[in-house]
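A.B. asks: Model the following, please.
(one chain, ligands or ions: 2)
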Amino acid sequence: MATTAAHAAPVASEENTGLWSWLSTVDHKRIGILYLYTALFFLVVGGLEATVMRTQLMKPNLTVVTAEQFNQLFTMHGTTMVFLVIMPLSAAFFNFLIPLQIGARDVAFPRLNAFSYWVYLFGGLFITLPILGWIAPNGGWFGYAPLTTRAYAPGLNIDFWVLGLQILGISSLAAAFNFITTIINMRAPGMTLMRMPMFTWMSFVVQFLVILAFPVITIALVFLQFDRFFGTQFYEIAAGADPLLWQHLFWVFGHPEVYILILPAFGLVSEVLPNFSKKPLFGYNVMVYSGIMIGFLGFGVWAHHMFAVGMGAVADTLFSLTTMLIAIPTGVKIFNWIFTMWGGQIRFASPMKFAIGLIAMFTIGGISGVMHSSPPSDLQQTDTYFVVAHFHYVLFGGAIMGIFSGIYFYFPKMTGRLMDEGLGTLHFWLNFIGLNLTFFPMHFSGMLGMPRRIYTYDAGQGWELFNMMSTMGTYLLVVSTLVFFYNFFKSRVSGQVAGNDPWEAPTLEWSIPSPPPDYNFAQIPVVTSRYPLWDLKHPEKTAGVDHSSASIEEVTGAHAVPMHEETERRTAKELGLPMPFPTIKPLFTALFMVLMIGGMVLKTLTPLSVFVATLITLAALMVGSLYAWLTSPLE
Ligand code: HAS
Ligand code: CU
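C.D. replies: Ligands and ions are numbered 1, 2, ... in the order given. Here you go, the predicted model:
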């Protein structure tokens, strides 16, 4: 690793670092950091929920929580981890990294970006806080209607869920359009699509999955919202509704959603593995195409979540086949990562440990997925702990491991300091052992028939040992996460100073100071290959790699300006660069919008006149702040 004594201690990326500067920031890097901290906060919340559940299930017939409380815990654990932890952790990287990786000064719509974050924060609090009074959503993260209609779920619980997910969907959609526009329009000269770093590529695919999948759940939720609040009968079986309507809509969203969760992590490890093998990514083109294939196929498999509903042999067969097909592009990625490491100079630093952890753990989860893809096999496994084992291997062993890999890797770019290697190793091993101890036994308890979502069980069914192991594993995961947080906050203050490029990495983000100045690049780089910094510093590593997907003259009509490393730190003003004004208006628009949508809960609590008056007031405030936002100058 390049040592860093020569570099000065890191300075914050803007002169102003007070609270106000965070509330009003439109800088994509700061918004990324806000996403990171908020998602880590929700990780603690979701983790606590899981720990209480595992304590309840440690032994037969415990009474740590009631059945109703348990329902709320598993619903909120799933909802939190999917929508408030993994997606936003990915968003932290979209925000922080994409502009840096493509050589841009910001995202296409910086204020919309701030808006997305604030909607996420307020929406996340809206859906999470009710658990403090045990009135949280209790219908599972999939919220099956008609069980979630007013007739079967009269309380406020599901109202929080329906409205909360609507709010969070707005945040994801706004962000997706923002990143698609950014990637299409704001790449530096010479940064052709086929030269983009793999993280940006996988993120690009994910944004399309978001804009195609989220509208489907939005529609499903609008139906449910209308059934619950205004007496429509979209899910009312007695009135002729199809009992499977919700399941189809939910899983048409829900399956692409799982790839929305995993592809950013795949992108991150595709940055880490070449770096710590000191070799270009094996089969770059195939990696891009397999990511796109996963995205496409992901829309054609949703009914594998419904093999037990009796769709008939033809539908079951078709969905079984499409599901099996997904193993191919996914396997292609696994093998390409392994070939990337093959013959490389491997360094087992923390990011690399987690990346290799992903390869191993995700493969286990992927293979149990392929077992589910066969309907007769799935009928044995569905609604048991076997499924819980499957999706925790892909989500925790895959998505979370990949994100940890990314955090260790990009922490120096974000903060200017390195995380502690010893603590990182400890975190990795505790995490690795804890995760296997928690989730591997679930394959067995599941095969022995233990159903998902039960709050307790009787002794004598052969489940005791496996449940005890799972609970002990969970406690180990708590310890490992504490080690991570300790490392994170300690290194933030006193970690080794990193300098521009502590890992000797190949891509643009490592050419600028850490943390980067608010304008990112003093001079927009001209890119001539996929590995500009290696071409510059280690040409031997990229020798023989085909960089010729498009010539620089083709793209820019100009001759290449050689890339250089930026070391000076001047302000945007000194450089004469116009930067977007910070503004707090998107925060207010987000706040009033969340209050307006969330205010729907008043429908069953207050007289109609109060309800209508409140909603109209909040709508007026939202429109007012939106108007103020749209009419204020940009830069
Ligand atoms: Fe899944 C249920 C099938 C990937 C997440 N999945 C879930 C649920 C979640 C989830 C959250 O077919 C539960 C939802 C709920 O609450 O009910 N899943 C698959 C398949 C894949 C897969 C085939 N899942 C994911 C990823 C997730 C995720 C990624 C999140 C990050 N999943 C299912 C099915 C169900 C399901 C059913 C419903 C179960 C039920 O009854 O409820 C694939 O994308 C995995 C592909 C990856 C690999 C590993 C690498 C490939 C290599 C190539 C060689 C392998 C071969 C296969 C040729 C396969 C190394 C050999 C096969 C053997 C059996 C040996
Ligand atoms: Cu699926």
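
A.B. asks: what does the protein have sitting close to ligand 1?
C.D. replies: 142, 258, 261-262, 304-305, 323, 326-327, 330-331, 334, 363, 366-367, 369-373, 378, 381-382, 387, 390-391, 394-395, 398-399 (Cβ under 6 Å from any ligand atom). For the C-beta atoms, the positions are set from N, CA and C on the backbone; glycine is no exception.

A.B. asks: Tell me how many other residues crowd F428.
C.D. replies: Counted with other Cβ atoms under 10 Å, residues neighbouring F428 total 25.

A.B. asks: what do you get for the one 5 residues further on?
C.D. replies: Close neighbours of I433, defined as other Cβ under 10 Å, add up to 14.

A.B. asks: Do I have it right that it meets L476?
C.D. replies: Yes: between I433 and L476 there is a contact under Cβ atoms under 8 Å: 6.3 Å.

A.B. asks: coming back round to it: is there a quick PyMOL command that grabs whichever of the residues of the chain next to ligand 1 are buried?
C.D. replies: Buried members of the residues of the chain next to ligand 1, defined by 16 or more other Cβ atoms under 10 Å, are picked up in PyMOL with:
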select buried, resi 142+258+261+262+304+305+323+326+327+330+334+363+366+369+370+372+373+378+381+382+387+390+391+394+395+398+399
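
A.B. asks: Looking at the residues of the chain next to ligand 1, which are in helices?
C.D. replies: Counting by DSSP state H, the residues of the chain next to ligand 1 place 258, 261-262, 323, 326-327, 330-331, 334, 363, 366-367, 369-372, 378, 381, 387, 390-391, 394 in helices.

A.B. asks: Which residue, other than its chain neighbours, is closest to P60?
C.D. replies: A459 (4.1 Å; Cβ to Cβ, 6 or more residues apart in numbering).

A.B. asks: So the one you found: helix, strand or coil?
C.D. replies: coil (DSSP: H, G, I helix; E, B strand; the rest coil).

A.B. asks: May I have the residues that are in contact with the one residue in the stretch 1-150 of the chain that gets nearest to ligand 1?
C.D. replies: For the stretch 1-150 of the chain, the residue closest to ligand 1 is F142, as judged by Cβ to the nearest ligand atom, at 5.5 Å. Contact analysis of F142 by Cβ atoms under 8 Å, 6 or more residues apart in numbering lists F250, W251, G254.

A.B. asks: Please read off the pLDDT at it from the model.
C.D. replies: For F142, the pLDDT comes out at 96.

A.B. asks: ok, it to V45 distance?
C.D. replies: Between F142 and V45 the distance, using Cβ to Cβ, to the nearest Å, works out to 20 Å.

A.B. asks: Identify the residues contacting the closest residue to G398 other than its chain neighbours.
C.D. replies: Leaving aside its chain neighbours, G398 sits nearest to F362 (3.8 Å; criterion: Cβ to Cβ, 6+ apart). Contacts for F362 were tallied using Cβ under 8 Å, 6+ apart; they are I262, I334, Y393, V394, G397, G398, M401.

A.B. asks: switch the cut-off to 7 Å
C.D. replies: Y393, V394, G397, G398 (Cβ atoms under 7 Å, 6 or more residues apart in numbering).

A.B. asks: Just give me the neighbour total for the first one.
C.D. replies: Here the neighbour count serves as a burial measure; for Y393 (other Cβ under 10 Å) it reads 26.

A.B. asks: That one contacts I364, doesn't it?
C.D. replies: Yes: using Cβ atoms under 7 Å, Y393 makes contact with I364 at a distance of 4.9 Å.

A.B. asks: Return the set of buried residues in stretch 513-528.
C.D. replies: Neighbour count says stretch 513-528 has 513-522, 524-528 buried, by 16+ other Cβ under 10 Å.

A.B. asks: Closest to W134 out of these?
C.D. replies: Set against W134, the nearest of the buried residues of stretch 513-528 by Cβ to Cβ is P515 (41.8 Å).

A.B. asks: mind checking the SS state of the closest one?
C.D. replies: Per three-state DSSP, P515 ends up coil.

A.B. asks: Any idea how many residues pack against the closest residue to M361 other than its chain neighbours?
C.D. replies: Spatial nearest neighbour of M361, excluding adjacent residues (Cβ to Cβ, 6+ apart): G397 at 2.6 Å. The criterion is other Cβ under 10 Å. On that basis, G397 has 25 neighbouring residues.

A.B. asks: G397: what's it in contact with?
C.D. replies: By Cβ under 7 Å, 6+ apart, the neighbours of G397 are L358, M361, F362, I364, G365, L435.

A.B. asks: How about the backbone phi and psi for the first one?
C.D. replies: Dihedral angles phi and psi of L358 (degrees, to the nearest 10) take the values phi -60, psi -50.

A.B. asks: mind checking how far the most centrally placed residue in the chain is from T363?
C.D. replies: Most central in the chain under Cα atoms, centre = their mean is M87, positioned 2.5 Å from the mean C-alpha point. Separation of M87 from T363 (Cβ to Cβ): 23 Å.

A.B. asks: and after the worst-scoring helix or strand of the chain on mean pLDDT, which helix or strand comes next?
C.D. replies: Lowest by mean pLDDT, DSSP states H and E among the helices and strands of the chain is helix 552-556, with a mean of 48. Once helix 552-556 ends, the next helix or strand along the chain (criterion: DSSP states H and E) is helix 572-575.

A.B. asks: Output the helix or strand just after that next one in CSV with nothing but the alpha carbons.
C.D. replies: With elements assigned by DSSP H and E, the helix or strand that comes after helix 572-575 is helix 585-598. The C-alpha trace of helix 585-598 is given here as CSV (Å, rounded to 0.1, in the frame of the first residue of the first chain):
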residue,chain,number,x,y,z
LYS,A,585,-36.2,23.8,0.5
PRO,A,586,-36.1,20.1,-0.6
LEU,A,587,-36.1,19.2,3.0
PHE,A,588,-39.3,21.1,3.7
THR,A,589,-40.9,19.7,0.5
ALA,A,590,-40.0,16.2,1.7
LEU,A,591,-41.2,16.9,5.2
PHE,A,592,-44.6,18.2,4.2
MET,A,593,-45.1,15.5,1.6
VAL,A,594,-44.4,12.8,4.2
LEU,A,595,-46.7,14.5,6.7
MET,A,596,-49.4,14.8,4.1
ILE,A,597,-49.2,11.1,3.0
GLY,A,598,-48.7,9.9,6.5
